[in-house]
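Peer 1: This is a predicted model, with the sequence first.
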Amino acid sequence: MACSSSFTFASPTSLPRPRNSLCSSLIPRAMAKELYFNHGGSATKKLLAGVDMVAELLGVTLGPKGRNVVLPNKYGPPKIVNDGETVLKEIELEDPLENVGVKLVRQAGAKTNDLAGDGSTTSVVLAHGLIREGTKVIAAGMNPVQIARGIEKTATALVSELSFMSREVEDDELADVAAVSAGNDYAVGNMISEALHKVGKRGVVTIETGKSTENSLEIVEGMQFDRGYLSPYFVNNRRKMTVELHNCKLLLVDKKITNPKELINILNNSAKEKYPIVIVAEDIEQEALAPVIKNKLRGALKVAAIKAPAFGERKTHCLEDIAILTGGTVIREDMGFTLEKATKDVLGSATKVVITKNSTLIVTDGSTRSLVEKRVHQLKKLVENTVDKFPKKILNERIARLSGSIAILQVGAQTQVELKDKQLRIEDALNATKAAIDEGVVVGGGCSLLRLSKKVDGIKVLLDNEEQKIGAEIFRRALSYPARLIAKNAGVNGNVVVNKVLLEDNMNFGYNAAKDCYEDLMKARIMDPTKVVRCCIEHSASVAKSFLTSNAVVIERKELQPITLPPRKAMATPNLAIPKDLAFSKGLPMSKDLAMSKASENAITYADPDSAGDGVDPPLHDQPWIEPFGRGFVPSKVASEKLSNNICVLGLLGEQYLQSTESHSSNVLRCLGMLVMQGSDLTSWASTFGTLYSLIGIQQSFAISVLQPRGTKLLKRVALCILVRSEQGSAPTPDVVSNEDNDIPRGGTLKHQSSSSTTTVDEVVERLTQLLQQRNQENRDLRDKYSSLRDEFTNFKSLVMRVLHEASHLHSTVPPTQPRPSSSPAVPQQPTSVHPTLVHPTSVQHLQSSKMMKIILMMIM
């Protein structure tokens with residue numbers, strides 16, 4: 001069935017995947033893994049350094065006088081936050097071992113925040129205390145396994161003791177719990193308490209961005225049930241991993257959707273009229289769900305899909321309740337409705353739908369209130385006539401779901417930075433309040449952990465050996481870390497505060513950092529949710545146990561490694577192979593690793609390029625693009641080896657193309673054709689190769705007669721880029737014989753044989769420089785891609801001299817060539833180890849014997 005809109009079901013069986021872009025020849029690739037063993041505590045020190053950094057950074061936010069942390073923002077203004085979980089997500093260290101320590105301790109904070117909604121900073125600080133105290137005793141020779149078991153058993157016992165210290169939270173205490181979590185902001189605490197009073201302790205409270213600069217509370221009609229999105233591809237809020245749709249429609253289907261064609265009409269209408277739609281069905285099979293996701297990712301639809309709540313008859317009743325709330329109609333085949341013929345009229349409406357991984361919230365505008373009240377009245381009559389407890393319970397749940405309201409906390413601020421901070425604080429306060437409703441409250445200010453430290457002596461008696469008792473003692477010391485840090489952020493001595501609190505027998509006595517005084521914290525309404533404290537103890541102990549029992553670390557090393565495209569089937573082309581005398585090994589084909597190793601073997605080690613006598617290369621920024629070829633010039637080792645290796649990688653052929661042949665000219669074409677197959681930057685490489693060909697004496701006549709007729713656009717471009725050089729041209733030769741020790745030419749000036757048209761080294765350097773500068777201007781992206789390569793080869797004269805010098809060190813047997821007689825008797829011929837051969841345009845044999853061509857091919861291969 002053809003559709004005229006942009007919505008399509010062309011490929012229902014597969015989801016879109018990221019394109020595998022191989023345009024770049026350098027991508028991050030895991031080549032090896034580094035292993036670090038804890039010899040002398042070296043690995044532990046690095047891991048502990050990462051843990052210390054995280055604890056110190058998050059520690060500044062702890063307590064009523066904690067400071068803020070400024071976080072960079074890629075788009076928009078920076079974030080100034082006081083939320084430990086948000087800060088924790090942003091930490092990424094350069095050192096891989098330290099970063100592993102960060103990731104380990106991050107688990108404690110993240111898990112606590114997921115379960116309790118607050119307490120991530122306390123979890124990290126407590127885990128840091130356990131790890132730091134534990135590493136001390138392990139360094140002294142204690143058994144880490146027994147220490148870890150002692151920590152684990154102590155944590156379990158402390159959680160049991162915590163339950164005896166806890167009590168239920170009173171209604172008038174909810175505001176205080178929320179205020180303490182929000183940094184003693186009682187305005188926020190009162191607003192959250194009011195919201196919970198209106199919708200009930202178990203009611204639904206959401207947070208939104210307000211339209212004014214002040215916070216406000218709004219109560220709306222709505223419903224929430226425990227069903228999440230069918231696929232994470234529907235998520236449009238990446239930070240919260242939720243689906244948020246405004247002014248949307250709801251499609252209610254009381255059956256399993258198996259055929260994607262059933263959804264075409266209703267979704268086409270959604271795409272044309274541009275309204276979001278939520279599909280609520282018994283289930284949706286993958287074949288029908290895939291095209292919906294595909295069109296959502298394409299931007300053709302704003303859509304989400306969820307399963308209907310409950311099962312069987314209860315599922316049907318729930319769908320009917322949703323239909324009454326939203327003003328829609330349930331599509332049921334037993335009632336004569338079919339999904340293929342569904343129109344916009346059967347859809348329900350909602351002002352907002354928020355879908356998480358496990359729940360769905362539907363907010364309406366209240367237009368169906370009369371229908372909802374009528375439905376609730378019917379359900380209450382059913383409850384009165386029902387005797388069995390279970391059916392009565394189900395009916396009461398339906399009544400509560402239909403009649404329940406939703407509280408919306410609208411957050412306002414003067415700036416975007418302030419708004420973000422207030423939203424995070426209110427979110428933490430709301431989560432802490434809900435946690436207090438779930439499991440009660442204990443004394444706050446870190447004093448509950450200090451009181452638990454007094455229980456450790458009784459726990460030690462139950463442990464098996466002395467090393468486990470040392471683990472319990474470690475826990476005792478770590479329990480004081482949060483209280484010390486709260487006091488430190490308030491500007492007082494943490495040790496003094498801890499000692500004074502522990503000396504008091506009153507379980508509620510503690511230090512009020514907000515008022516800088518000691519008092520009964522329960523009377524002062526300084527309370528922490530029991531659930532938050534419990535999660536802090538459990539998760540910090542779990543992370544510390546894993547840390548202390550680790551003795552080796554495996555790090556995945558990611559480097560910029562050269563890769564080639566996957567092998568492709570190429571058309572058969574005759575005479576495209578390397579001559580036997582140009583091969584590095586006895587037999588062909590040659591593998592890529594062998595070619596790389598051979599290129600490295602042929603590299604000559606150079607040092608002290610500025611002849612300063614210190615044996616050290618000058619900094620890259622001190623090496624000019626073009627400098628006079630003066631006395632004592634020696635090419636750098638970096639310029640020699642790196643360029644050869646990188647050109648070798650960029651031009652590496654697959655093994656299937658390495659076959660023996662006698663035609664050297666065909667080999668040149670094969671090397672250039674390889675660049676076509678591997679998708680290199682053809683224009684830049686063609687220009688560069690053209691300049692190098694001119695250096696070794698390939699004339700324009702040879703380019704026109706041999707290269708150009710091969711037929712590809714690339715070869716034509718190369719032919720046009722080749723510089724003209726006459727038969728009388730000659731190569732530059734140094735006037736001093738090479739050193740006997742290392743065969744490196746030192747001292748002297750560059751002499752030239754006279755010629756009517758001579759291309760000198762300086763001219764070639766200038767041309768190479770101009771080409772690179774032009775290439776950088778035309779393609780900034782490519783310049784960034786090869787920025788590291790460009791920085792290493794700013795001195796192109798070093799490159800030219802390196803290439804010329806290597807020509808005399810090839811292991812291949814090359815027929816000796818005689819230099820052309822100089823046309824000027826004033827410049828005598830000097831013996832030299834560097835003498836590239838001119839190539840006659842009509843002689844393929846001369847071309848085969850060219851030393852410089854061997855160098856170029858060596859770098860390519």
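Peer 2: Noted; the coordinates are in hand. Numbering: from 1, shown residues only.
Peer 1: So what does the nearest residue to V60 once chain neighbours are set aside have for phi and psi?
Peer 2: Once flanking residues are discounted, V60 sits nearest to R67: 4.7 Å by C-beta to C-beta, 6 or more residues apart in numbering. C-betas here are computed from N, CA, C, even on glycine. When read as degrees, to the nearest 10, the backbone of R67 gives phi -90, psi 180.
Peer 1: Endpoints of stretch 195-209, how far apart?
Peer 2: Across its full length, stretch 195-209 reaches 16 Å end to end, with C-alpha to C-alpha, to the nearest Å as the criterion.
Peer 1: make that stretch 326-345, sorry
Peer 2: 12 Å.
Peer 1: What's the mean pLDDT across it?
Peer 2: Taken as a whole, stretch 326-345 has a mean pLDDT of 86.
Peer 1: now stretch 381-391
Peer 2: Per-residue scores along stretch 381-391 average to 84.
Peer 1: any idea which element L449 lies in?
Peer 2: helix 447-453 (DSSP states H and E).
Peer 1: no no, R398
Peer 2: Per DSSP H and E: helix 389-403 holds R398.
Peer 1: what does H246 give?
Peer 2: Per DSSP H and E: strand 243-257 holds H246.
Peer 1: Then T112?
Peer 2: helix 96-116.
Peer 1: What is that helix packed up against?
Peer 2: helix 42-59, helix 84-90, helix 120-139, helix 416-439, helix 530-548, strand 552-562 (3 or more C-beta pairs under 8 Å, 6 or more residues apart in numbering; DSSP states H and E).
Peer 1: Can you get me a residue count around the residue lying closest to L449 once chain neighbours are set aside?
Peer 2: In space, and not counting its chain neighbours, L449 is closest to L479: 4.5 Å by C-beta to C-beta, 6+ apart. Counted by other C-beta atoms under 10 Å, the residues lying close to L479 total 27.
Peer 1: Lowest-scoring secondary structure element of the chain by mean pLDDT?
Peer 2: Least confident helix or strand of the chain, by mean pLDDT, DSSP states H and E, is strand 750-751 with a mean of 35.
Peer 1: Show me the domain layout of the protein.
Peer 2: 30-174+440-548, 223-365, 580-813+829-860 (automatic domain parsing).
Peer 1: comparing those domains, which gets the lowest mean pLDDT score?
Peer 2: Among the domains of the chain, domain 580-813+829-860 carries the lowest mean pLDDT (a mean of 43).
Peer 1: returning to that earlier point: so the residue nearest to L449 sits against T122, correct?
Peer 2: No: using C-beta atoms under 8 Å, L479 makes no contact with T122, being 11.0 Å away.
Peer 1: Okay, angle between the helix or strand containing V220 and helix 389-403 too, please.
Peer 2: Per DSSP H and E: V220 is located in strand 216-225. Interaxial angle of strand 216-225 relative to helix 389-403 (axes from the mean of the first three to the mean of the last three C-alpha atoms, to 10 degrees): 140 degrees.
Peer 1: which ones are touching the residue lying closest to T338 once chain neighbours are set aside?
Peer 2: Leaving aside its sequence neighbours, T338 sits nearest to I331 (C-beta to C-beta, 6+ apart; 7.5 Å). Residues near I331 by C-beta atoms under 8 Å, 6 or more residues apart in numbering: L251, L252, V253, D254, K255, F337, T338, L339, A342, V346.
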